[in-house]
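> curious how this folds, go ahead:
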Amino acid sequence: MKLTGPLLQEYAPYRFRHLRWVKKQDLVFTQMAEIERCSVQDCERQSAISLEMRFYCREHFISTCYDRLEECRRWLDGRLSRDATADTVGHFLAECSRHASELADEAADLTNLERDRLLHIVLWAADLSRYLRRSLRKAVSIPVRLCREELGRAWEEETETRLLSRHGASLECQHAVEMGETLLVVRTDTGRQARARVAWLQRRKEGRREIGIEFLDCEDFWELEWSTNRHVV
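So this is what the prediction gives:
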C-alpha cells in the first residue's frame, strides 16, 4: 500500500521494508518493521523503539523520555503548559512506561547503566501517573465557609473555590494562615463539613491570599464525577 497525504509527510524521513495495516474506521498505521535510523537530526543509529509516533535509538529514547517526564512533572506541579491536558499527559506517561519496559525486557545488549535508566523511567512515569490521578483539577466555583477553631484566634470567612481536586481545592482567603494549619471547611450549599490542612499559600493584592487545602478526613467532599475530563485544567 502506498503512503499518501499526511502519512507520507509524517514518515517521509524514514525508509521501511515492511508495513502492516489494519482496518478500523479508516486505515490506521500500526507497525513499521526494520526502521533504518533514529529520527533525531544527524543521528545515524538504527532506531530501537518509538515514542509519540517518532522513532529513536536507545540513547535518544532515554534522553527524550527524561526531557518529556520533566515537562510532565513541571506541568503537574504548576500547570505551566496551557496546551497540555490531563488526557495527553496521561497518554504519554502510559506510552513512555510501556516502551521503556519493552526495551528493557527485549534488548539483549543493554549496558547496566542503560538498564538502570530505563527502570528509573518506568518508575518515574508510574509515580507521575499516580500523582496525575490524585491531582486532576476542575475549575468549579463552590461556596464554602472557612473556620479556624483555635481558642483565642478563631475566625470564620465565606469564600468560593477556584480549582477543585479529589482531595482538596484552591481558594481565596482574607485571613492570615500558616502552612500546615488545620481549618474546618463547610460547604454552604449542602452543609457538608471536613477538616483540611493548608498545603500552600500565595499572597495576592489588597491583602488577600490564595491558599491550597488538602482534606484530612474526607474522600468525596465535592461529590463530583472525576472519570470525565470536562472542565479539567
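> check what pLDDT the residue of the chain most remote from its centre gets.
Most distant from the centre of the chain: Gly152, at 42.0 Å, with distances by C-alpha atoms, centre = their mean. With respect to pLDDT, Gly152 has a value of 85.
> what secondary structure does it sit in?
coil (DSSP: H, G, I helix; E, B strand; the rest coil).
> that one and Met179, how far apart?
Noted for Gly152: a distance of 20 Å to Met179, by C-beta to C-beta, to the nearest Å. Just so you know, the C-beta spots here come from the backbone N, C-alpha and C atoms, and that holds for glycine as well.
> then Ser129?
27 Å.
> of these two, who's got more company?
Neighbour count, other C-beta atoms under 10 Å: between Ser129 and Met179, Ser129 has more, with 18 against 11.
> quick one: contacts for the more buried one?
Shown in contact with Ser129 (C-beta atoms under 8 Å, 6 or more residues apart in numbering): 90, 93-94, 97.
> in strands, which of those residues fall?
Among the contacts of Ser129, none falls in strands (DSSP state E).
> return the closest of those residues with respect to Asp220.
Gly90 (21.3 Å; C-beta to C-beta).
> my guess is that closest one contacts Arg130. True?
No. Gly90 sits out of contact with Arg130 when judged by C-beta atoms under 8 Å, with a separation of 11.1 Å.
> the two: who's more crowded?
Gly90 (17 against 11).
> overlap in contacts of Gly90 and Arg130?
Shared contacts of Gly90 and Arg130, defined by C-beta under 8 Å, 6+ apart, are absent.
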